[in-house]
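Trainee: Predicted model and sequence follow; I will ask about them next.
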Amino acid sequence: MRERRVPDRATSLTIVLVILSFVLMTLDIRSEGGGVMGTFRSGVQTIFTPVQAAASSVIDPVIDLVDGVANLAGLRDENQRLRDRINELESRLDEVGTLEGEVQSLRRILRLTAADEALPKIAAQIIARGDAFDASFRINAGTADGVLIGNPVVDDTGALIGTVTEVTDRTATVVPIIAPAADGVRVKSQTGEVGILRGRGSSNLMDYQVLDAKAPVLVGYLLTTAGSERYPGGIKVAKVVEDALPEAQRITTTAEPLADFGRLDFVAVLQWSFSTSIESTTTTTTTVPEEGSTEGGTP
Amino acid sequence: MSRRILIALASVAVAIVLQTTLLARVPLFGVVPDLVLLIVIASGRRLDPEPAVFLGFTAGLVMDLLGSAPLGLRAMTLTLVAFATVRARERFEVSIPTLGLAVLLLAFGGTVFLAIVGTLFGQGILSDPLAVRQMILGPFYDVILGVGVLPLMTRLLGSGHPREVPL
């Protein structure tokens, strides 16, 4: 008769922990980061935040210094390239100034305000990042500063970075738009056609898809948010890097985000959420604004 | 709780802080080493089987709690990496090359497992063009980092032989 093998304690413990992990994953996905799992997550983040913030405050300047020294030769070339660019741009300044005046006058007529100008911002520093397969990062601003889940996050130039997905008193987790797990961003190009931008991960390129396309998309086209439940309209997001023609009324091409995700240190959280935007729009349609007042998008 | 387990837990905490603040900021060719996984392997060499497996689970769970991936993804991965380390340590603790090869295989197995299960749970990891590079280069970085980390952990945890799991 064969002897029955009894698993040792380590094997039994491993099986139990693997099953527990599987259950946790299922529950976490079902609760969409909320409930007990969300509370547990907030608790651990609160414990680690001071240590990570302290470590970041020491490590970041050192890395920046080393990065600067290592890129010294590259910086010289870049300096020259930027000088050429300044000369080129200065020559276009008069033209742009005239256009800017026209835009402002049209905005006054239409009583519009650019999205990133109208929205209050909260400046924050990145204090921790995810590992190789987790593109998310944590910032040192939370509910105590006015950050809410769903708030869009932009970089220092106003380019879209991502959305706040978790928030504690003092910290918030941001999932960048380049993460494959992030929801697509509804954008429009200068042709006015609306498409969806989806992240590919750490490669820093994104897939841009337009359904019901009529016009071609060309290299250099700026893509800005088209206004959706996730983002207010008018935030610059990416530039098209491959020409594409409509095929069966569909365009699929590649775009490069304007934000440099590899060098992010500071970000700004836009205090915008779809619900407050709706309220604001409702108020606007029922009241007659005074001459010269700004409106639209400000919660 | 024994002194060795406390030291291993403290090492994991330090590794998590370094992983999320330092290593994540300095990718080489877009790839970062996994210090937490390396600490789990290093601890798995020196701890008794049950604490080693539980340490893997705890390290992974904390990483999950600090990130945005589903809770339990890294906990499952690191539990299995710790278990594999405990199971195989008698065989690879023969020479430095076999130890290096073991770290390489354990890191590769853990990274591939994480990528596959993560993709199945909606993280889209395998749709990232750099994921394959991370899976191939990452374990080599871990071996290089292991040259410093493994002796350090042996020094901290002691070189005495832990209780073995009957095969």
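Mentor: Arrived safely, thanks for sending.

Trainee: what about residue A:252, helix or strand, and which?
Mentor: Here residue A:252 sits within strand A:250-257, counting by DSSP states H and E.

Trainee: In PDB, list the C-alpha atoms belonging to that strand.
Mentor: Taking C-alpha atoms only, strand A:250-257 is exported to PDB below (Å, rounded to 0.1, in the frame of the first residue of the first chain):
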ATOM      1  CA  ARG A 250     -10.700  54.700 -38.600                       C
ATOM      2  CA  ILE A 251      -7.300  56.100 -37.700                       C
ATOM      3  CA  THR A 252      -4.700  54.400 -35.600                       C
ATOM      4  CA  THR A 253      -1.400  56.000 -35.000                       C
ATOM      5  CA  THR A 254       1.200  56.900 -32.300                       C
ATOM      6  CA  ALA A 255       1.500  60.000 -30.200                       C
ATOM      7  CA  GLU A 256       4.100  61.100 -27.700                       C
ATOM      8  CA  PRO A 257       3.000  62.600 -24.400                       C
END
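
Trainee: residues of it that come out buried?
Mentor: Across strand A:250-257, burial judged by 16 or more other CB atoms under 10 Å in any protein chain shown covers A:251, A:253-255, A:257. In this view, the C-beta of every residue, glycine as well, is placed from N, C-alpha and C.

Trainee: Stretch A:211-218 too?
Mentor: In terms of neighbour count (16+ other CB under 10 Å), stretch A:211-218 has its buried residues at A:213, A:217.

Trainee: Run through who's touching that stretch.
Mentor: Contacts with stretch A:211-218, where a contact means CB atoms under 8 Å, 6 or more residues apart in numbering or on different chains, come from A:189, A:191, A:193, A:195, A:208, A:210, A:240, A:243-246, A:249-251, A:253.

Trainee: try stretch B:104-111
Mentor: Stretch B:104-111 has contacts (CB under 8 Å, 6+ apart) with A:132, B:34, B:37-38, B:41, B:77-78, B:80-81, B:84-85, B:88, B:134-136, B:138-140, B:142-143.

Trainee: now do 10 Å
Mentor: A:132-133, B:33-34, B:37-38, B:40-41, B:44, B:56, B:60, B:74, B:77-78, B:80-82, B:84-85, B:88, B:92, B:125, B:131, B:134-143, B:145-146 (CB atoms under 10 Å, 6 or more residues apart in numbering or on different chains).

Trainee: now, which of these lie within strands?
Mentor: Using DSSP state E, no member of the contacts of stretch B:104-111 sits in strands.

Trainee: Please list the residues of the stretch 151-299 of chain A that sit near chain B.
Mentor: When proximity is defined by CB under 10 Å from any CB of the partner chain, the stretch 151-299 of chain A lies next to chain B at A:165-166, A:171, A:173-176, A:178-182, A:198-205, A:207, A:262-265.

Trainee: Can I get the buried part of the residues you listed as one PyMOL selection?
Mentor: Buried residues among those (16+ other CB under 10 Å), as a PyMOL selection:
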select buried, chain A and resi 165+166+171+173+174+175+176+178+179+180+181+182+198+199+200+201+202+203+204+205+207+264
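
Trainee: got a pLDDT number for residue 12?
Mentor: Just going to use chain A. Turning to residue A:12, the model gives it a pLDDT of 93.

Trainee: looking at chain B here, not the other one
Mentor: If you check residue B:12, the pLDDT there is 95.

Trainee: Give me the longest helix you can find in chain B.
Mentor: For chain B, the helix that runs over the most residues, judged by DSSP state H, is helix B:131-157.

Trainee: does that one come close to chain A?
Mentor: Yes - contact of helix B:131-157 with chain A (CB under 10 Å from any CB) involves B:131, B:133-135, B:137-138, B:141.

Trainee: Between these, which sits nearest residue A:68?
Mentor: Nearest to residue A:68 out of the residues of helix B:131-157 next to chain A is residue B:141 (CB to CB; 23.7 Å).

Trainee: So what's the residue count around the nearest residue to that closest one once chain neighbours are set aside?
Mentor: Spatially, and ignoring its direct neighbours in sequence, residue B:141 is nearest to residue B:33 (3.7 Å; CB to CB, 6 or more residues apart in numbering or on different chains). If you count neighbours by other CB atoms under 10 Å in any protein chain shown, residue B:33 ends up with 26.

Trainee: Please name the residues that touch residue B:33.
Mentor: Residues in contact with residue B:33 (CB under 10 Å, 6+ apart) are A:131-132, B:19, B:23, B:26-27, B:107, B:137-146, B:149.

Trainee: Of those, keep whichever come out buried.
Mentor: Here, 16+ other CB under 10 Å leaves A:131-132, B:19, B:23, B:27, B:107, B:137-139, B:141-143, B:145-146, B:149 buried among the contacts of residue B:33.

Trainee: Name the nearest of those residues relative to residue A:11.
Mentor: residue B:107 (22.0 Å).

Trainee: In what element of secondary structure is the closest one found?
Mentor: Residue-wise, residue B:107 maps onto helix B:96-120 under DSSP H and E.

Trainee: Check which residues of that helix are buried.
Mentor: For helix B:96-120, burial by neighbour count (16+ other CB under 10 Å) applies to B:99-100, B:102-103, B:106-108, B:110-115, B:117-119.

Trainee: ok, now stretch A:93-107?
Mentor: Within stretch A:93-107, no residue counts as buried by 16+ other CB under 10 Å.

Trainee: now that stretch: mean pLDDT?
Mentor: 73.

Trainee: Could you do stretch A:37-53 as well?
Mentor: In this model, stretch A:37-53 has a mean pLDDT of 85.

Trainee: Is there proximity between that stretch and chain B?
Mentor: Yes - with CB under 10 Å from any CB as the measure, stretch A:37-53 is seen reaching chain B through A:37-38, A:40-45, A:47-49, A:51-53.

Trainee: The closest residue in space to residue A:228 that isn't next to it in sequence is in what secondary structure piece?
Mentor: Using CB to CB, 6+ apart and skipping residues adjacent in sequence, the residue nearest residue A:228 is residue A:186, 4.2 Å away. Assigned by DSSP H and E, residue A:186 belongs to strand A:185-188.
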